[in-house]
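Q: Here is my input; please provide its structure:
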Amino acid sequence: MSSNKKRRPGLQEIANLVGISKMTVSRFLRDPKLVSESLQLQISSAIDKLGYIPNKAPDMLSNAKSHAIGVVFPSLTNQVFADILKGIEMVSDVQGYQTMITHTGYNADKEELRVRSLLSYNIDGLILTERIHNPATLKMIEISGVPVVEIMDSVSPCIDMAVGFDNFTATKNMIHRMINKGRRHIVYFSARQDQRSIIRQQGYEKAMQEAGLMPKTLATKEASSYDLGARFLHQILKEYPCVDGIFSTNDDLALGVLLECQRIGIEIPKQIAIVGFHGHKIGQYMNPKLASIHTPRIEMGKIATELLLKRINGENIAEKVIDLPVEYLDGESL
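A: The predicted structure is shown next:
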């Protein structure tokens, strides 16, 4: 089966674009300080324009299959991505593919660096988590010709293939469940402010507006944690004492809220209903059980890898975007 990898721009193309020697480009790549500041800018700009990817594998291997796929996660400490990786490796291991895993800390510039690095090893395909990419990242992917699957979202526009769920509708449906149980003053707690948290916030706001209720959100760029959930709870009790429902963008925040409510003597769900997102096992072992939205993370990893390997092997893909169902867990906290 012939590979779809394209011939990538080399040092000579960069040199031609700037009007300098290949040796000067090579010096810059070794250490940018070895050339003048104005040349540094010109060469950097040419690299971005051409989507240059350094080649860490010998030329004779660069057009062959590496039997490796790159996986780019925003975080390695988040249980969500550990579960997805489990699903990915259930398929890649059986098919004899190596996974090269990297993380971006939810930062598009870091993603650009990580993707450039992965592509320099001539990987055969990429699994990405985010949907908003730097133009230079998109250019490199286009030039490399490797297939890409984006995960965690089945609605936002994708580069090529996607496997995920509908964050907006899942949240909207869960908020309606809270409203149907008599909750009127529901607050949304959000961390990281990544794209998916913002889409969930929009789903929350839509459900509240449809019911003629006032949305209220507490959001931070800080990483989610039990501690943040506890701090948000105290803040909302001061600012909005009539709160009777809290929907959190993930289970970490929700569990922080639940544990703090228990510590300070707030009855759940009698006084405040608490709902998380992702449906991690730990929430189901709490007392009361945490209400949440269970997302099919292992399944998502498996399907994304199957799609990617089909495309790598030149097979036809009937369905390029796969929308997976979520499960609503009412637990005992709603």
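Q: Going by C-alpha atoms from here, please, whenever you check contacts or count neighbours.
A: OK.
Q: mind listing the strands for the stretch 101-250 of the chain?
A: 125-128, 148-151, 161-164, 186-190, 216-219, 245-248 (DSSP state E, counting those that start in this stretch).
Q: Where do the helices of the protein begin and end?
A: 11-18, 22-30, 37-50, 59-62, 79-92, 108-120, 135-144, 167-180, 195-210, 226-239, 251-264, 281-284, 297-312 (DSSP state H).
Q: Compare the mean pLDDT across those helices and name the weakest.
A: Within the helices of the chain, confidence is poorest for helix 59-62, with a mean of 45 (mean pLDDT).
Q: one step back: now the helices of the chain as JSON lines including distance to Ser333 and mean neighbour count?
A: Shown next, in JSON lines, are these (distance: least, C-alpha to C-alpha, whole Å; neighbours: other C-alpha atoms under 10 Å):
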{"stretch": "helix 11-18", "distance to Ser333": "60", "mean neighbour count": "18"}
{"stretch": "helix 22-30", "distance to Ser333": "56", "mean neighbour count": "16"}
{"stretch": "helix 37-50", "distance to Ser333": "50", "mean neighbour count": "16"}
{"stretch": "helix 59-62", "distance to Ser333": "55", "mean neighbour count": "12"}
{"stretch": "helix 79-92", "distance to Ser333": "21", "mean neighbour count": "19"}
{"stretch": "helix 108-120", "distance to Ser333": "36", "mean neighbour count": "19"}
{"stretch": "helix 135-144", "distance to Ser333": "42", "mean neighbour count": "18"}
{"stretch": "helix 167-180", "distance to Ser333": "10", "mean neighbour count": "20"}
{"stretch": "helix 195-210", "distance to Ser333": "18", "mean neighbour count": "20"}
{"stretch": "helix 226-239", "distance to Ser333": "15", "mean neighbour count": "17"}
{"stretch": "helix 251-264", "distance to Ser333": "8", "mean neighbour count": "22"}
{"stretch": "helix 281-284", "distance to Ser333": "10", "mean neighbour count": "15"}
{"stretch": "helix 297-312", "distance to Ser333": "23", "mean neighbour count": "22"}
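Q: circling back: so for Lys310, which of the strands of the stretch 101-250 of the chain sits nearest?
A: Nearest to Lys310, of all these, is strand 125-128, at 10.6 Å by C-alpha to C-alpha.
Q: what packs against the closest one?
A: Packing contacts for strand 125-128, counted by 3 or more C-alpha pairs under 8 Å, 6 or more residues apart in numbering; DSSP states H and E, involve strand 68-73, strand 148-151, helix 297-312.
Q: how deep is Lys33 tucked in, by neighbour count?
A: 12 (other C-alpha atoms under 10 Å).
Q: OK, contacts around it?
A: Gln40 (C-alpha atoms under 8 Å, 6 or more residues apart in numbering).
Q: who wins for proximity to Glu150 among the helices of the chain?
A: helix 297-312 (7.9 Å).
Q: Which residues does that closest one contact?
A: 3-4, 80-81, 83-92, 124-127, 146-152, 162-164, 316-317, 324.
Q: still on that earlier bit, put together TSV for the strands of the stretch 101-250 of the chain, with mean pLDDT and distance to Ser66 on each row.
A: Shown next, in TSV, are the strands of the stretch 101-250 of the chain (pLDDT from 0 to 100; distance: least, C-alpha to C-alpha, whole Å):
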stretch	mean pLDDT	distance to Ser66
strand 125-128	98	10
strand 148-151	98	16
strand 161-164	98	21
strand 186-190	98	40
strand 216-219	98	42
strand 245-248	98	41
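Q: Would you convert these into TSV that also reports distance to Ile282 and mean neighbour count?
A: Shown next, in TSV, are those (distance: least, C-alpha to C-alpha, whole Å; neighbours: other C-alpha under 10 Å):
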stretch	distance to Ile282	mean neighbour count
strand 125-128	27	25
strand 148-151	24	26
strand 161-164	23	26
strand 186-190	19	25
strand 216-219	24	16
strand 245-248	16	27
